[in-house]
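Undergrad: this is a predicted model, with the sequence first.
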There are 2 protein chains.
Amino acid sequence: MSDSDGAGEGPGLYFRLFNEIGIIEQLSRAAFEARLPDGVLVSHFSVLNHMMRLGDGKTPLSLSSAFQVPKTTMSHTLMLLEKRGWIEMRPNPEDKRSKLVWMTEAGRAFWQQAIGSLGGEMGWLAEVFSPEEAAALMPGLEKLRKLLDARRG
Amino acid sequence: MSDSDGAGEGPGLYFRLFNEIGIIEQLSRAAFEARLPDGVLVSHFSVLNHMMRLGDGKTPLSLSSAFQVPKTTMSHTLMLLEKRGWIEMRPNPEDKRSKLVWMTEAGRAFWQQAIGSLGGEMGWLAEVFSPEEAAALMPGLEKLRKLLDARRG
DNA sequence: TGCATATAGTACGACATCGCACTAAATAAT
DNA sequence: ATTATTTAGTGCGATGTCGTACTATATGCA
(Lines give C-alpha, C1' and ligand atoms only; values in the text may rest on other atoms or scores of the structure.)
Protein backbone atom coordinates (compact mmCIF):
# COMPACT_ATOMS: atom_id res chain seq x y z
CA MET A 1 0.00 0.00 0.00
CA SER A 2 1.41 3.38 -0.96
CA ASP A 3 0.11 6.88 -0.71
CA SER A 4 0.31 9.39 -3.50
CA ASP A 5 1.38 12.61 -1.82
CA GLY A 6 4.65 14.26 -2.72
CA ALA A 7 7.21 16.50 -0.99
CA GLY A 8 10.51 15.76 0.72
CA GLU A 9 14.05 15.08 -0.48
CA GLY A 10 17.16 13.23 0.72
CA PRO A 11 16.21 9.87 2.20
CA GLY A 12 12.59 10.79 1.52
CA LEU A 13 13.39 10.66 -2.17
CA TYR A 14 13.66 6.89 -2.09
CA PHE A 15 10.50 6.63 -0.03
CA ARG A 16 8.68 8.61 -2.67
CA LEU A 17 10.18 6.55 -5.44
CA PHE A 18 8.91 3.32 -3.94
CA ASN A 19 5.62 5.00 -3.11
CA GLU A 20 5.09 5.86 -6.75
CA ILE A 21 6.09 2.40 -7.85
CA GLY A 22 3.78 0.83 -5.31
CA ILE A 23 0.78 2.82 -6.37
CA ILE A 24 1.42 2.29 -10.07
CA GLU A 25 1.62 -1.43 -9.46
CA GLN A 26 -1.69 -1.28 -7.62
CA LEU A 27 -3.48 0.77 -10.26
CA SER A 28 -2.08 -1.08 -13.26
CA ARG A 29 -2.94 -4.44 -11.75
CA ALA A 30 -6.51 -3.34 -11.13
CA ALA A 31 -6.80 -1.97 -14.66
CA PHE A 32 -5.47 -5.16 -16.21
CA GLU A 33 -7.64 -7.41 -14.15
CA ALA A 34 -10.70 -5.44 -15.17
CA ARG A 35 -9.88 -6.52 -18.72
CA LEU A 36 -9.45 -10.18 -17.87
CA PRO A 37 -12.28 -12.70 -17.41
CA ASP A 38 -13.75 -12.92 -13.97
CA GLY A 39 -11.48 -14.62 -11.48
CA VAL A 40 -8.42 -14.45 -13.71
CA LEU A 41 -5.68 -12.44 -12.08
CA VAL A 42 -2.63 -10.78 -13.55
CA SER A 43 -0.54 -13.36 -11.73
CA HIS A 44 -2.27 -16.10 -13.73
CA PHE A 45 -1.98 -14.37 -17.05
CA SER A 46 1.65 -13.46 -16.41
CA VAL A 47 2.61 -17.11 -16.16
CA LEU A 48 0.92 -17.90 -19.45
CA ASN A 49 2.53 -14.86 -21.04
CA HIS A 50 5.93 -15.92 -19.78
CA MET A 51 5.55 -19.37 -21.31
CA MET A 52 4.30 -18.00 -24.61
CA ARG A 53 7.28 -15.69 -24.91
CA LEU A 54 10.04 -17.89 -23.58
CA GLY A 55 8.67 -21.33 -24.22
CA ASP A 56 6.95 -23.87 -22.00
CA GLY A 57 8.19 -27.14 -20.59
CA LYS A 58 9.83 -25.44 -17.61
CA THR A 59 9.71 -26.63 -14.02
CA PRO A 60 7.51 -24.96 -11.42
CA LEU A 61 10.60 -23.98 -9.48
CA SER A 62 12.15 -22.21 -12.43
CA LEU A 63 8.91 -20.31 -12.89
CA SER A 64 8.81 -19.30 -9.25
CA SER A 65 12.37 -18.11 -9.63
CA ALA A 66 11.56 -16.15 -12.79
CA PHE A 67 8.72 -14.38 -11.03
CA GLN A 68 10.53 -14.25 -7.73
CA VAL A 69 7.65 -15.57 -5.73
CA PRO A 70 7.83 -18.42 -3.21
CA LYS A 71 7.41 -21.82 -4.73
CA THR A 72 4.21 -22.32 -2.76
CA THR A 73 2.72 -19.31 -4.48
CA MET A 74 3.67 -20.61 -7.90
CA SER A 75 2.32 -24.03 -7.00
CA HIS A 76 -1.01 -22.46 -6.16
CA THR A 77 -1.10 -20.45 -9.38
CA LEU A 78 -0.24 -23.48 -11.49
CA MET A 79 -2.96 -25.49 -9.80
CA LEU A 80 -5.51 -22.87 -10.79
CA LEU A 81 -4.21 -22.71 -14.36
CA GLU A 82 -4.40 -26.46 -14.60
CA LYS A 83 -7.96 -26.45 -13.26
CA ARG A 84 -8.94 -24.10 -16.06
CA GLY A 85 -7.30 -26.42 -18.56
CA TRP A 86 -4.73 -23.87 -19.72
CA ILE A 87 -1.66 -25.83 -18.71
CA GLU A 88 -0.64 -29.44 -18.14
CA MET A 89 1.79 -30.72 -15.54
CA ARG A 90 3.79 -33.70 -16.76
CA PRO A 91 6.52 -35.60 -14.97
CA ASN A 92 10.07 -34.50 -15.63
CA PRO A 93 11.87 -37.45 -17.23
CA GLU A 94 15.20 -36.13 -15.98
CA ASP A 95 14.20 -35.70 -12.34
CA LYS A 96 11.54 -37.75 -10.66
CA ARG A 97 11.01 -35.09 -7.98
CA SER A 98 10.13 -32.56 -10.59
CA LYS A 99 7.45 -31.70 -13.11
CA LEU A 100 7.30 -29.80 -16.35
CA VAL A 101 4.64 -27.27 -17.22
CA TRP A 102 3.19 -27.26 -20.71
CA MET A 103 0.58 -25.01 -22.24
CA THR A 104 -2.53 -26.58 -23.75
CA GLU A 105 -4.27 -25.47 -26.91
CA ALA A 106 -6.96 -23.91 -24.73
CA GLY A 107 -4.26 -22.02 -22.87
CA ARG A 108 -2.80 -20.64 -26.06
CA ALA A 109 -6.23 -19.60 -27.25
CA PHE A 110 -6.97 -17.84 -23.99
CA TRP A 111 -3.64 -16.05 -24.07
CA GLN A 112 -4.30 -14.77 -27.57
CA GLN A 113 -7.70 -13.49 -26.64
CA ALA A 114 -6.38 -11.86 -23.47
CA ILE A 115 -3.58 -10.16 -25.35
CA GLY A 116 -6.18 -8.56 -27.58
CA SER A 117 -8.18 -7.43 -24.62
CA LEU A 118 -5.20 -5.98 -22.83
CA GLY A 119 -4.06 -4.34 -26.03
CA GLY A 120 -7.02 -2.00 -25.72
CA GLU A 121 -5.75 -0.76 -22.42
CA MET A 122 -2.29 -0.36 -23.88
CA GLY A 123 -3.67 1.61 -26.80
CA TRP A 124 -5.27 4.13 -24.55
CA LEU A 125 -2.12 4.49 -22.52
CA ALA A 126 0.11 4.93 -25.55
CA GLU A 127 -1.84 8.02 -26.52
CA VAL A 128 -1.14 9.84 -23.27
CA PHE A 129 2.16 8.21 -22.29
CA SER A 130 4.29 7.76 -25.36
CA PRO A 131 6.46 4.72 -26.05
CA GLU A 132 9.42 7.08 -25.83
CA GLU A 133 8.44 8.09 -22.32
CA ALA A 134 7.95 4.47 -21.35
CA ALA A 135 11.26 3.46 -22.90
CA ALA A 136 13.03 6.27 -21.07
CA LEU A 137 12.03 4.74 -17.74
CA MET A 138 13.19 1.25 -18.55
CA PRO A 139 16.97 1.45 -17.98
CA GLY A 140 16.60 2.99 -14.54
CA LEU A 141 13.90 0.55 -13.50
CA GLU A 142 15.86 -2.41 -14.79
CA LYS A 143 18.91 -1.31 -12.87
CA LEU A 144 16.89 -0.81 -9.72
CA ARG A 145 15.26 -4.20 -10.11
CA LYS A 146 18.59 -5.94 -10.65
CA LEU A 147 20.09 -4.26 -7.60
CA LEU A 148 17.22 -5.28 -5.37
CA ASP A 149 17.25 -8.74 -6.83
CA ALA A 150 20.97 -9.17 -6.29
CA ARG A 151 20.73 -8.04 -2.68
CA ARG A 152 17.94 -10.47 -2.04
CA GLY A 153 20.36 -13.35 -2.68
CA MET B 1 3.35 -11.10 -9.90
CA SER B 2 5.75 -10.07 -12.64
CA ASP B 3 8.53 -11.84 -14.41
CA SER B 4 11.89 -10.30 -15.04
CA ASP B 5 12.76 -11.29 -18.56
CA GLY B 6 13.27 -8.71 -21.24
CA ALA B 7 12.88 -8.47 -25.02
CA GLY B 8 10.09 -7.18 -27.20
CA GLU B 9 8.87 -3.75 -28.30
CA GLY B 10 5.63 -2.05 -29.35
CA PRO B 11 2.78 -3.12 -27.09
CA GLY B 12 5.23 -5.40 -25.32
CA LEU B 13 7.06 -2.32 -24.14
CA TYR B 14 4.24 -1.45 -21.78
CA PHE B 15 4.03 -5.01 -20.57
CA ARG B 16 7.69 -4.91 -19.72
CA LEU B 17 7.32 -1.55 -18.02
CA PHE B 18 4.62 -2.84 -15.71
CA ASN B 19 6.55 -6.05 -15.25
CA GLU B 20 9.55 -4.14 -13.96
CA ILE B 21 7.38 -2.00 -11.75
CA GLY B 22 5.62 -5.04 -10.37
CA ILE B 23 8.79 -6.85 -9.49
CA ILE B 24 10.39 -3.78 -7.92
CA GLU B 25 7.31 -3.33 -5.78
CA GLN B 26 7.57 -6.94 -4.70
CA LEU B 27 11.27 -6.82 -3.87
CA SER B 28 11.20 -3.42 -2.17
CA ARG B 29 8.24 -4.41 -0.04
CA ALA B 30 10.00 -7.56 1.09
CA ALA B 31 13.19 -5.61 1.84
CA PHE B 32 11.33 -3.00 3.87
CA GLU B 33 9.34 -5.52 5.83
CA ALA B 34 12.52 -7.36 6.74
CA ARG B 35 13.56 -4.13 8.49
CA LEU B 36 10.30 -3.72 10.37
CA PRO B 37 9.35 -5.56 13.56
CA ASP B 38 7.75 -8.93 13.12
CA GLY B 39 4.20 -8.72 11.86
CA VAL B 40 4.44 -5.07 10.87
CA LEU B 41 3.81 -4.63 7.18
CA VAL B 42 4.67 -1.80 4.87
CA SER B 43 0.97 -1.09 4.60
CA HIS B 44 0.89 -0.42 8.35
CA PHE B 45 3.96 1.75 8.41
CA SER B 46 2.80 3.68 5.36
CA VAL B 47 -0.30 4.86 7.17
CA LEU B 48 1.73 6.07 10.12
CA ASN B 49 4.18 7.75 7.76
CA HIS B 50 1.36 9.47 5.94
CA MET B 51 -0.03 10.88 9.16
CA MET B 52 3.36 12.02 10.37
CA ARG B 53 3.99 13.89 7.15
CA LEU B 54 0.58 15.34 6.45
CA GLY B 55 -0.95 15.42 9.90
CA ASP B 56 -3.34 13.16 11.71
CA GLY B 57 -6.98 13.66 12.62
CA LYS B 58 -8.16 12.43 9.22
CA THR B 59 -11.09 10.10 8.60
CA PRO B 60 -10.56 6.44 7.65
CA LEU B 61 -12.24 7.10 4.33
CA SER B 62 -9.86 9.91 3.44
CA LEU B 63 -6.99 7.60 4.25
CA SER B 64 -8.38 4.85 2.07
CA SER B 65 -8.71 7.40 -0.70
CA ALA B 66 -5.15 8.64 -0.21
CA PHE B 67 -3.82 5.11 -0.47
CA GLN B 68 -6.37 4.09 -3.05
CA VAL B 69 -7.36 0.93 -1.30
CA PRO B 70 -10.93 -0.17 -0.53
CA LYS B 71 -12.25 1.18 2.71
CA THR B 72 -12.52 -2.32 4.13
CA THR B 73 -8.78 -2.73 3.68
CA MET B 74 -8.07 0.54 5.44
CA SER B 75 -10.47 -0.40 8.20
CA HIS B 76 -8.55 -3.60 8.74
CA THR B 77 -5.19 -1.82 8.78
CA LEU B 78 -6.43 0.79 11.25
CA MET B 79 -7.77 -1.90 13.52
CA LEU B 80 -4.33 -3.49 13.67
CA LEU B 81 -2.62 -0.16 14.30
CA GLU B 82 -5.07 0.56 17.09
CA LYS B 83 -4.46 -2.85 18.63
CA ARG B 84 -0.75 -2.04 18.78
CA GLY B 85 -1.57 1.25 20.45
CA TRP B 86 -0.08 3.39 17.68
CA ILE B 87 -3.28 5.20 16.77
CA GLU B 88 -6.54 6.18 18.40
CA MET B 89 -9.94 6.32 16.75
CA ARG B 90 -12.09 9.12 18.14
CA PRO B 91 -15.59 10.15 17.07
CA ASN B 92 -15.81 12.89 14.50
CA PRO B 93 -17.64 15.79 16.13
CA GLU B 94 -18.77 17.05 12.73
CA ASP B 95 -20.21 13.75 11.49
CA LYS B 96 -21.56 11.09 13.78
CA ARG B 97 -21.11 8.40 11.14
CA SER B 98 -17.44 9.11 10.98
CA LYS B 99 -14.28 8.79 13.04
CA LEU B 100 -10.99 10.60 13.18
CA VAL B 101 -7.65 8.86 13.38
CA TRP B 102 -5.01 10.24 15.73
CA MET B 103 -1.50 9.04 16.38
CA THR B 104 -0.50 8.20 19.92
CA GLU B 105 2.83 8.94 21.55
CA ALA B 106 3.71 5.27 21.15
CA GLY B 107 2.86 5.55 17.47
CA ARG B 108 5.16 8.53 17.00
CA ALA B 109 7.94 6.73 18.84
CA PHE B 110 7.56 3.66 16.69
CA TRP B 111 7.56 5.72 13.53
CA GLN B 112 10.79 7.43 14.52
CA GLN B 113 12.47 4.15 15.29
CA ALA B 114 11.23 2.60 12.05
CA ILE B 115 12.47 5.54 10.02
CA GLY B 116 15.92 4.96 11.44
CA SER B 117 15.77 1.29 10.61
CA LEU B 118 14.58 1.87 7.07
CA GLY B 119 17.22 4.55 6.64
CA GLY B 120 19.81 1.78 6.75
CA GLU B 121 18.26 0.16 3.72
CA MET B 122 18.12 3.50 1.98
CA GLY B 123 21.77 4.15 2.74
CA TRP B 124 22.84 0.97 1.04
CA LEU B 125 20.70 1.74 -1.96
CA ALA B 126 21.99 5.29 -2.29
CA GLU B 127 25.49 3.95 -2.81
CA VAL B 128 24.57 1.89 -5.85
CA PHE B 129 21.60 3.87 -7.14
CA SER B 130 22.32 7.56 -6.79
CA PRO B 131 19.76 10.16 -5.73
CA GLU B 132 20.19 11.64 -9.19
CA GLU B 133 19.18 8.38 -10.80
CA ALA B 134 16.23 8.07 -8.47
CA ALA B 135 15.18 11.67 -9.10
CA ALA B 136 15.40 11.12 -12.84
CA LEU B 137 12.73 8.46 -12.63
CA MET B 138 10.28 10.51 -10.61
CA PRO B 139 8.67 12.75 -13.26
CA GLY B 140 7.83 9.86 -15.55
CA LEU B 141 6.52 7.72 -12.73
CA GLU B 142 4.44 10.58 -11.34
CA LYS B 143 2.93 11.21 -14.73
CA LEU B 144 2.14 7.55 -15.20
CA ARG B 145 0.61 7.32 -11.75
CA LYS B 146 -1.56 10.37 -12.32
CA LEU B 147 -2.77 9.06 -15.66
CA LEU B 148 -3.74 5.71 -14.23
CA ASP B 149 -5.33 7.38 -11.25
CA ALA B 150 -7.35 9.76 -13.41
CA ARG B 151 -8.63 6.94 -15.59
CA ARG B 152 -9.70 4.98 -12.54
CA GLY B 153 -12.24 7.72 -11.76
C1' DT C 1 28.18 -48.54 -0.83
C1' DG C 2 26.06 -45.90 2.82
C1' DC C 3 24.91 -41.75 4.90
C1' DA C 4 24.37 -36.65 5.19
C1' DT C 5 22.79 -32.84 2.88
C1' DA C 6 20.39 -30.31 -0.68
C1' DT C 7 16.57 -29.80 -3.76
C1' DA C 8 11.51 -30.21 -5.98
C1' DG C 9 7.15 -30.15 -4.83
C1' DT C 10 3.02 -30.34 -1.59
C1' DA C 11 0.13 -29.71 2.70
C1' DC C 12 -1.36 -26.70 5.87
C1' DG C 13 -2.15 -22.61 8.43
C1' DA C 14 -1.78 -17.45 8.95
C1' DC C 15 -3.09 -13.28 7.24
C1' DA C 16 -3.69 -9.21 4.01
C1' DT C 17 -6.76 -7.66 0.55
C1' DC C 18 -11.03 -7.23 -1.42
C1' DG C 19 -16.13 -7.47 -2.81
C1' DC C 20 -20.75 -7.59 -1.07
C1' DA C 21 -24.18 -6.68 2.14
C1' DC C 22 -25.65 -4.22 6.08
C1' DT C 23 -26.42 -0.29 9.67
C1' DA C 24 -26.40 4.44 10.95
C1' DA C 25 -26.29 9.06 9.80
C1' DA C 26 -26.29 12.95 6.59
C1' DT C 27 -28.13 15.12 2.58
C1' DA C 28 -31.46 15.85 -1.21
C1' DA C 29 -36.00 15.84 -3.07
C1' DT C 30 -40.76 16.44 -2.85
C1' DA D 1 -41.56 17.39 7.54
C1' DT D 2 -41.18 13.01 5.24
C1' DT D 3 -39.04 10.13 2.30
C1' DA D 4 -35.35 8.75 -0.87
C1' DT D 5 -30.68 8.70 -1.77
C1' DT D 6 -25.95 9.06 -0.64
C1' DT D 7 -22.12 8.40 2.45
C1' DA D 8 -19.06 6.43 6.58
C1' DG D 9 -17.92 2.54 8.64
C1' DT D 10 -18.23 -2.56 9.85
C1' DG D 11 -19.11 -7.72 9.38
C1' DC D 12 -18.34 -11.54 6.75
C1' DG D 13 -16.77 -14.69 3.36
C1' DA D 14 -13.58 -15.69 -0.58
C1' DT D 15 -9.11 -15.90 -2.21
C1' DG D 16 -4.15 -14.81 -3.19
C1' DT D 17 0.30 -14.83 -1.00
C1' DC D 18 3.55 -16.52 1.98
C1' DG D 19 6.14 -19.18 5.85
C1' DT D 20 6.85 -23.61 7.99
C1' DA D 21 6.97 -28.34 7.96
C1' DC D 22 6.98 -32.54 5.49
C1' DT D 23 7.91 -36.27 1.72
C1' DA D 24 10.47 -37.96 -2.10
C1' DT D 25 14.34 -37.80 -4.87
C1' DA D 26 19.02 -36.37 -6.07
C1' DT D 27 23.66 -35.22 -5.00
C1' DG D 28 28.00 -34.96 -2.24
C1' DC D 29 31.11 -37.26 0.66
C1' DA D 30 33.43 -40.71 3.41
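TA: On my side now, so go ahead.
Undergrad: burial count for residue A:32?
TA: 21 (other C-beta atoms under 10 Å in any protein chain shown). (C-beta placed from N, C-alpha, C; glycine too.)
Undergrad: mind checking how far the lowest-mean-pLDDT helix or strand in chain A is from the chain centre?
TA: Lowest by mean pLDDT, DSSP states H and E among the helices and strands of chain A is helix A:11-35, with a mean of 86. Relative to the chain's own centre, helix A:11-35 is displaced by 14 Å; criterion: C-alpha atoms, centre = their mean, to the nearest Å.
Undergrad: hmm, that helix in reach of DNA strand D?
TA: No. Residues of helix A:11-35 are not located near DNA strand D by C-beta under 7 Å from any atom of the strand, the shortest gap being 9.1 Å.
Undergrad: now the residue lying closest to residue A:86 once chain neighbours are set aside: which helix or strand?
TA: Residue nearest to residue A:86 in three dimensions, not counting chain neighbours: residue A:107, with 3.3 Å by C-beta to C-beta, 6 or more residues apart in numbering or on different chains. Using DSSP states H and E, residue A:107 sits in helix A:105-128.
Undergrad: so where is chain A shaky, pLDDT-wise?
TA: A:1-11, A:152-153 (pLDDT under 70).
Undergrad: residue closest to the middle of it?
TA: residue A:46 (4.3 Å; C-alpha atoms, centre = their mean).
Undergrad: that one contacts residue A:68, doesn't it?
TA: No. At 11.6 Å, residue A:46 does not count as touching residue A:68 under the criterion of C-beta atoms under 8 Å.
Undergrad: up against DNA strand C, what does chain A have?
TA: A:1, A:26, A:30, A:59-62, A:71-72, A:75, A:78, A:89, A:92, A:95, A:97-99.
Undergrad: one more time with 10 Å
TA: A:1-2, A:26-27, A:29-30, A:33-34, A:38, A:58-65, A:70-76, A:78-79, A:82, A:89, A:91-92, A:95-101 (C-beta under 10 Å from any atom of the strand).
Undergrad: so of those, which ones are in helices?
TA: A:26-27, A:29-30, A:33-34, A:60-65, A:71-76, A:78-79, A:82 (DSSP state H).
Undergrad: and residue A:92, its phi and psi?
TA: When read as degrees, to the nearest 10, the backbone of residue A:92 gives phi -90, psi 110.
Undergrad: residue A:38 too?
TA: Per degrees, to the nearest 10, the backbone of residue A:38 is at phi -60, psi 130.
Undergrad: that older thread, give me the ChimeraX select line for the residues of chain A next to DNA strand C, limited to the buried ones.
TA: The ChimeraX command for the buried members of the residues of chain A next to DNA strand C (criterion: 16 or more other C-beta atoms under 10 Å in any protein chain shown) is given here:
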select /A:1,2,26,27,29,33,58,59,60,63,64,74,78,92,99,100,101
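Undergrad: quick check: the residue of chain A nearest DNA strand C.
TA: Across chain A, the shortest distance to DNA strand C (C-beta to the nearest atom of the strand) belongs to residue A:61, at 2.9 Å.
Undergrad: from memory that residue sits against residue A:98, does it?
TA: Yes. Taking contacts as C-beta under 8 Å, residue A:61 lies within contact range of residue A:98: 7.4 Å.
Undergrad: okay, now the domains of chain A?
TA: Domain assignment for chain A by automatic domain parsing gives A:1-35, A:38-152.
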